[in-house]
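S.K.: Fold the following for me, if possible:
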Amino acid sequence: MEKIVVSFDEKYAPEIKHIRINVFTNEQQIDPNMEFDGKDHDAVHVLIICSGKYVGTGRLLKDGHIGRLAVLKEFRGKGFGTEIVKSLIKEAERNNLKRVYLGAQKHAVKFYKKLGFSEYGETFTEVNIEHVQMEKII
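M.R.: This is a model prediction of the structure:
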């Protein structure tokens, strides 16, 4: 497993899109116009490479918002999601941010709690999926 921090550029955008389309559009039926919100070029992205294949990604916006965490189905349960989040937190620290936050899908709350995130605010629905706001002070 290899982890790289990248930009959403000609080299990596197709790989990031491939993972997110598979997870969010194909599996979760999220409209691609909602998924690709125009913020990718201003974000820092992490990609996971396993056996020469790009299998997971996530992004960090300048304000500390972590999002678009996705791991291809056949590669889940191997710790790649954890590695992506840890790398994004490291990037936030490198940029002197004091807090990272995200909107977690309800089924993923335990995952983020294990990484030190706490829930705040009310449950909300986005793209027909229940979410909860979570944050971690760093």
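S.K.: neighbouring contacts of the lowest-mean-pLDDT helix or strand in the chain?
M.R.: Sorting the helices and strands of the chain by mean pLDDT, DSSP states H and E puts helix 32-35 at the bottom, at a mean of 87. Contact with helix 32-35 is made by Arg20, Ile21, Phe24, Thr25, Arg68, Val127, as judged by Cβ atoms under 8 Å, 6 or more residues apart in numbering. Where C-beta positions appear, they are placed from N, C-alpha and C, glycine not excepted.
S.K.: What residues of the helix or strand just after it count as buried?
M.R.: Sequence order places strand 44-50 as the next helix or strand after helix 32-35, per DSSP states H and E. Neighbour counts over strand 44-50 (16 or more other Cβ atoms under 10 Å) mark Val44, His45, Val46, Leu47, Ile48, Cys50 as buried.
S.K.: centre of the chain versus strand 44-50, how much separation?
M.R.: How far strand 44-50 lies from its chain's middle: 10 Å, per Cα atoms, centre = their mean, to the nearest Å.
S.K.: residues in contact with that strand?
M.R.: 1-8, 12, 15-16, 54-60, 71, 75, 78, 80, 83-84, 87-88, 91.
S.K.: Of those, keep whichever come out buried.
M.R.: Among the contacts of strand 44-50, those classed as buried by 16+ other Cβ under 10 Å are 6, 8, 12, 15-16, 54-60, 71, 75, 80, 83-84, 87-88, 91.
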